[in-house]
Structure formats: structure tokens, C-alpha cells
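>>> Provided below are the primary sequence and the corresponding predicted coordinates.
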Amino acid sequence: MKRPFTVRTRKLLLDRCSSDTPTKLRRRYDIWYHTFDEQKGSRVWARGREYVMLSSNDYLGLSTHPKVVEAGQRALAKWGSSTTGARLANGSRSYHTELEEALAAFVGKEACHVTNAGYISCMSSIAAFTQRGDVILVDKNIHSCIWDGIRLSSASVERFSHNSPEHLREILVQLDPKTAKLLVIEGVYSMEGHIAPLPEFTEIASEFGCMLVMDDAHGLGVLGDGGRGTASHFGLENEVDVICGSLSKALSSTGGFVASSTEMIEFLRTHSRQTIFSAAISPAQAACALAALEVIQTEPEHLTRLWENTRRYRNLVTSLGLDVWGSDTPAVPIVLGSKERAYEFWKRLMEKGVFSVMSIAPGVPVGKDLVRTAVSARHSEEDFAIIERALAHAARRI
Ligand SMILES: Cc1ncc(COP(=O)(O)O)c(C=O)c1O
């Protein structure tokens, strides 16, 4: 028999979901969760309409590269669809270790651990490497996977202004020098497209004895010698203790990784609940990431083209008087400053056949509501012609 109050408490939760204003608005304006029926290169189709994809993170355009696709097919045929288990239990296979060795060598670290999402990799490194009494120092604009890692850890947190070594220093001088400290930054900020001033941060980390974790989801494959990432861009691979990131951007697969010293990675394998209790990355995903890593190292033309396209695109956007928030990378935000203006701009791009994504506070700082765009090596002359027309159309109407 049901107790009378359980009826009321269940209804409380149901009502909270059914009356949620952000969900109602999202569904009414149909901004996110679009489903594409078809995809060919940089073009996607939704409800019979064709769009140029301008918000994917397929920076090098490798998700349809024949070598990547064939590697995935071969892995599927050889190993089946899934390991159906966590790495610790029954989920580890030789292709996982092969990918880990290749990734570690690529980013200049001793060891690596691969998980089934970049989100899990980043979150688990923060959660596992800290404990009560430690302090996590974090850039205010860091990705939500890091905030979730912080919530899971019992450490306290200090936020410093975005990309501000000066503010970080001000905080550090006030902390007890004996406290264990973890400094967390992104190599390339996913919304802003900013590169972290890594030389200043590594200097401060060394001066104050902080361990440095860098989420390089958007730097890997994009920056540095042959795409080796932000640490390589600055020649500071040895100064960054932990590099974590995603396989779902330039590596055009799905999954994540943490690269560091053997001791740190083995510690993570022992203590990270997200690693211990979550299924391993699938054979096809691992094979696609490994093949993409090989392509990056043997076909440098994709990276060259990515940067040509990036410069061209940024010039185009700024020539229209639009604000790109000082982006230095292929992730190029168009800051509109309010959700109404961002919506209008996003809708006008859609009207002219360009697909982008709108990002509003609290996903971005208040007043920085934006339309996130990202350039790919795959964008062609024809794509640029459509993008240019659409941007000019949208810019005229805001
Ligand atoms: C900076 C950053 N870190 C981590 C992630 C999570 O990666 P994944 O999509 O592989 O879970 C993202 C994804 O957008 C990201 O932008």
C-alpha cells in the first residue's frame, strides 16, 4: 500500500520536470537536438534541407577519411561491436593498449589511459588526483566536465579570471604553502577559441608547487608540432603534468584520454570510479582514433588546410564587423551579447543553409551569449561561398 506522502513527493519531482521553463523554451524555439537524416562531408540534411555544417569539431575532417572508416570496419569485423565491460573487469583489449601507447608518444608522455568519453577522462582526473584538504585552482571559463570533477572531489576550489596568470598568482600567495594544489586549465577554450598562456602558467605552477592538469580537447590535432597539442605549441610537454582530452574532435572518433607519468596513470586506474565502473571504449572507436592519429602524422596537408581555412574564415567574420572574442583557433565564437540577438543570428544562418550552435549563459559568461562556429579542413570553396552569404545576411539583421 502506498503511503500518502509518497504520492505528493513523486508529484513534486514530476511537476518540476514538466514545468521546467528552460525545457519549454528549448522545445518551443527548436534550437538544439536537431537530427540529421544524411551527411556527406561538410554537408548535412535535416527535414529534407541541406546545410553546411559550421559547428562540428571534426577539425581535420577525418571522420570520413577512407583510412579511418576502413580501420573502424576492420575492428568491428575482428572484435565485434563492444567489449561489454569495464577495462578493469573484462573490457581491456590489445587495441586499447596500442591506442594508449600511440597517444602517449604523440603528446610526449610516458603513459596514457583511454576511456569512453572525453568528459569522463577530464572529470576523473580531477576527482581522482585530489582529496579533502587540497586546493583546486581553476580558470573560471573551464568546461563543465572539470566542474563536475571538482564536485566529485572533496578538495576546495579557487577560481581565477579567465586566462589570467596575474589573478592566479594573487590567489596563490594567500594560500598555505604546505597545501597540495592542482592547477587546471584548458589548452584551447572550446567556446572562446582562446589559447592558454601556458608559459606563464607553467612558471607559476613551478614557483608555487602546483600540479598542472590541462584539458587539451581542442588543442590536440590543431596546435603544436604536427598537431601534438598546446604543450607542444609552446615546447612545454615536460612542464604539464597531466594532459587529458577527447577523441571526438580532431581524432574524429568518440572517447577520451588521460596522459601522464606511469605512476599517475596507474594511480588513476586504481582509484577512478568513472574508470573502474564504466565500459571500455568500443573496438571501432579505438581503431578510428588510432587510424586518425596515423593520418595526422603521415598527411600533414589536413592541418595546413585547417589553418588556411581558419585564417580565411576569421577574416571573413571580422570584416562583417562581428565580434570573435579574440579567438586564435578554429573554434570561432560570434559574440552577440544577449540570447535574443544570438537566437536571431543563429536563425538567419539556418535560413541561408548554415548550421551552427547557439550558446547562452550560464554555458558562457553573462553578456557573452554567442553562436559557436568551428572551421574544418574539409570546408571547400563552395562551402565558403554559402557561409559568406549566410553570415552577411545574418549580420544585416541583428
Ligand atoms: C574542453 C572540453 N573538454 C572535454 C570535452 C568532453 O569531450 P567528449 O565530447 O569527448 O566527452 C569537451 C567537449 O565538448 C570539451 O569541449
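Sure, I can see it.

>>> What residues does the stretch 51-200 of the chain have near the ligand?
Remark: the part of the stretch 51-200 of the chain in contact with the ligand comprises A117, G118, Y119, C122, H143, C145, E186, S190, using Cβ under 6 Å from any ligand atom. (Glycine included, C-beta is placed from N, CA and C.)

>>> Sitting in strands, which of the residues you listed do you find?
Using DSSP state E, E186 are the members of those that sit in strands.

>>> most neighbours, which of the residues of the stretch 51-200 of the chain next to the ligand?
Greatest neighbour count in those, by other Cβ atoms under 10 Å, goes to C122: 32 neighbours.

>>> for the ligand, what are the nearby residues on the stretch 251-398 of the chain?
Counting by Cβ under 6 Å from any ligand atom, the stretch 251-398 of the chain sits next to the ligand at G256.

>>> which phi and psi does the residue of the stretch 251-398 of the chain found nearest the ligand have?
Going by Cβ to the nearest ligand atom, the ligand is nearest to G256 of the stretch 251-398 of the chain, at 5.0 Å. Here is the backbone geometry of G256 (degrees, to the nearest 10): phi -150, psi 170.

>>> thinking E50 is in contact with K352, fair?
No - using Cβ atoms under 8 Å, E50 is not in contact with K352, being 11.4 Å away.

>>> The two: who's more crowded?
The residue with more neighbours, out of E50 and K352, is K352; 17 against 13, by other Cβ under 10 Å.

>>> Next one, pLDDT for the more buried one please.
K352 is assigned 98 on the pLDDT scale.

>>> For it, give its distance to L60.
According to Cβ to Cβ, to the nearest Å, K352 and L60 sit 26 Å apart.

>>> Equivalent analysis for A395, please.
Counting by Cβ to Cβ, the gap from A395 to L60 is 28 Å.

>>> L316 too?
Distance, L316 to L60, by Cβ to Cβ: 20 Å.

>>> For the two, indicate the residue with more neighbours.
When L316 and L60 are compared for neighbours, L60 comes out ahead with 27 against 16, by other Cβ under 10 Å.

>>> Provide the secondary structure category for the nearest residue to the more buried one once chain neighbours are set aside.
Distance criterion Cβ to Cβ, 6 or more residues apart in numbering; nearest residue to L60, sequence neighbours excluded, is H302 at 4.2 Å. Here H302 is helix, with the state taken from DSSP: H, G, I helix; E, B strand; the rest coil.

>>> Where in this protein is the helix or strand with the lowest mean pLDDT?
Using mean pLDDT, DSSP states H and E, the weakest-scoring helix or strand in the chain turns out to be helix 4-18, at a mean of 83.

>>> List the contacts of the helix or strand following it.
Next along the chain after helix 4-18, taking DSSP states H and E as the criterion, comes helix 21-29. Contact with helix 21-29 is made by C17, W32, Y33, Y343, as judged by Cβ atoms under 8 Å, 6 or more residues apart in numbering.

>>> what's the nearest residue to whatever residue of the chain ends up closest to the ligand if we skip its chain neighbours?
Closest to the ligand within the chain is G118: 2.5 Å, counting by Cβ to the nearest ligand atom. Of all residues not flanking G118 in the chain, S246 sits nearest, at 2.7 Å (Cβ to Cβ, 6+ apart).
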